[in-house]
Structure formats: C-alpha cells, structure tokens
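Trainee: got a structure for you, letters missing:
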C-alpha cells in the first residue's frame, strides 16, 4: 500500500518513459494526468512482428540460431529474458551450440552492470578474425534507463537489435525492453520470440489453438507471424493488467482505516515536534 504513503505529500509528480499504458491508474489513484512528451529525435526503430512457435524447445532453438546469425552480420544484440534462471539457461545453450562469446547481465552480476552496458552496442573480433556484434543477455530489470551507445559503424548496418524471449504480463515492461534500442534517433530493431507454452500465451490461446493450427499445416520448428495473434496477446496483457490493478485497488481500500489512523498519528507527531500546545497534549 505505497499509494497512501505517496498521497501524504501535498504535491507529487513523476517521469518515466512507459507511463502511457498505466494512465488510468495514475488518474484513479493519484489524480495525476499522464502527459506524453515527444521524443527528442524521431524514433526510427523497426518493431518487427512476433515470431510464434509451437513449443518452448522450438522457440529457444530458433532464438539461439537468430542470435548467431545477427551477431555474425556485425550487429550487436540485447536479449531480454524474464528471469535469472532463463537468463542463465540461454547463456548455457549459446555456449554449447556455437561457443559464442557473450555477456550475462542479471542480479548476480550487478556490480559489472555499467561495464557490460557500455560494451553492449559494440563489436568484437571473432575467432575467425571477422567482426561480430556483441551479445548481451539481460533480465528485464537489468540495465534499465541507460543509453546503450553504438560502436563505430554499427548504426550503418542497422544498429542494436533487441530480442525478447517472452512477453511480460505488463505491456510497459515489453516497451522498456524495446526502448533499449533506437534511442536518440539511432537505428535499431526489436522482435519477440514466443511459444504457445509461454505463461501469457496459455491465457490468450487455449490448447485447441495449437491443434487447429497443426491441422492446417503448421510444421514443427516453423514460426508463424500474424498481427491478429500479436493483438490478441496485447489484449491478454491488458486483462492481466486490469486484474492486477483491481488487486492493488482492493488493498488500498482495505488500508483506508489504517490510513485514517496514520494521518492522525502524523498530525499529533507534528504538533509535538513543533512544540505547539505541548502542555495540553501531555495533560
């Protein structure tokens, strides 16, 4: 119930790059309007359609292949995972399959975060002597709010590519991941790789969906790209966001009694600290 803590201030304001999707909650809880400020430079980031696979195994096989191909083209990659466990699992798969040099960014290595982020948009020389794009595998929380500076010549070949391994329950987290590239007018691109085994996809698509798609010729290992499915996922995210908002709203309502007591306590505390009518208070 942090909401009531913030409401103790006479005036509150905030700044973030991903408030638009939460504008209704800011208005309902804090009576704050969300104002979208235009970007300093036009955003030329290429947000590609989601690549959707039947199973998690197929999805991760495709992710490892995609990482290798894009890095070999000279473009650096930032790969976003939803947990430390999946972060390290993907790192192990990259090493086992291609022996690719890469950096892992999660809560375990937070002391190296600045160093890793500083190199994330650069290139390095591979074992074959050719220039490859740096690969950084990061959890959603790691490296947020930092500008990944592109190395020499990277912008000319497409800039940083962001690859999301799963959709988050909240759209703003996905937007934060996409927003790691294409900053300040730089070139960049983003894409999410999904499977029908993902947690969010289970909410959006019942089991019969995969069977129906296999009947019409969806082969194993083959991705599908469909805007209707991507829009359906966003609707599922919105439903989850609404449910989570209702939970926070209920907690806030239950805290009203404590909040009333809290305000009285802080009021008397201020009187005592100010020394006003202290004798009467003691009596």
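Mentor: Here it is on my side, so go on. Treat the numbers as computed from the prediction; the structure is a model and nothing was measured.
Trainee: can we go C-alpha only for contacts and neighbour counts from here?
Mentor: OK.
Trainee: what number of residues lie near the nearest residue to residue 169 once chain neighbours are set aside?
Mentor: With sequence-adjacent residues excluded and distances taken as C-alpha to C-alpha, 6 or more residues apart in numbering, residue 169 is closest to residue 237, at 5.3 Å. Neighbour count for residue 237, taken as other C-alpha atoms under 10 Å: 22.
Trainee: what about the stretch 51-200 of the chain, any weak spots by pLDDT?
Mentor: Along the stretch 51-200 of the chain, the model assigns pLDDT under 70 to residues 109-111, 141-145.
Trainee: those strands in it, which residues are they?
Mentor: For the stretch 51-200 of the chain, applying DSSP state E, counting those that start in this stretch gives strands covering 51-53, 77-81, 103-105, 123-125, 131-133, 135-139, 160-164, 188-195.
Trainee: now the first one: how far from the chain's centre is it?
Mentor: Yep, that's strand 51-53 we're talking about. The chain centroid and the centroid of strand 51-53 are separated by 19 Å, computed with C-alpha atoms, centre = their mean, to the nearest Å.
Trainee: next: the fourth one.
Mentor: Here the centre of mass of C-alpha atoms in strand 123-125, compared against the chain's by C-alpha atoms, centre = their mean, lies 27 Å away.
Trainee: who are the packing partners of it?
Mentor: Here strand 123-125 touches strand 131-133, going by 3 or more C-alpha pairs under 8 Å, 6 or more residues apart in numbering; DSSP states H and E.
Trainee: what lines up beside the strand it packs on in the sheet?
Mentor: Partners of strand 131-133 in the sheet, by DSSP bridges, are strand 123-125 (antiparallel).
Trainee: outside of the partner strand, which residues touch it?
Mentor: 74, 75, 76, 131, 132, 133, 134, 151, 154 (C-alpha atoms under 8 Å, 6 or more residues apart in numbering).
Trainee: surely the first one and residue 131 touch.
Mentor: This points to residue 74. Yes: Residue 74 lies in contact with residue 131 (C-alpha atoms under 8 Å); the separation is 5.9 Å.
Trainee: ok, these two, which is more surrounded?
Mentor: A count of neighbours by other C-alpha under 10 Å puts residue 74 above the other of residue 74 and residue 131, at 23 against 16.
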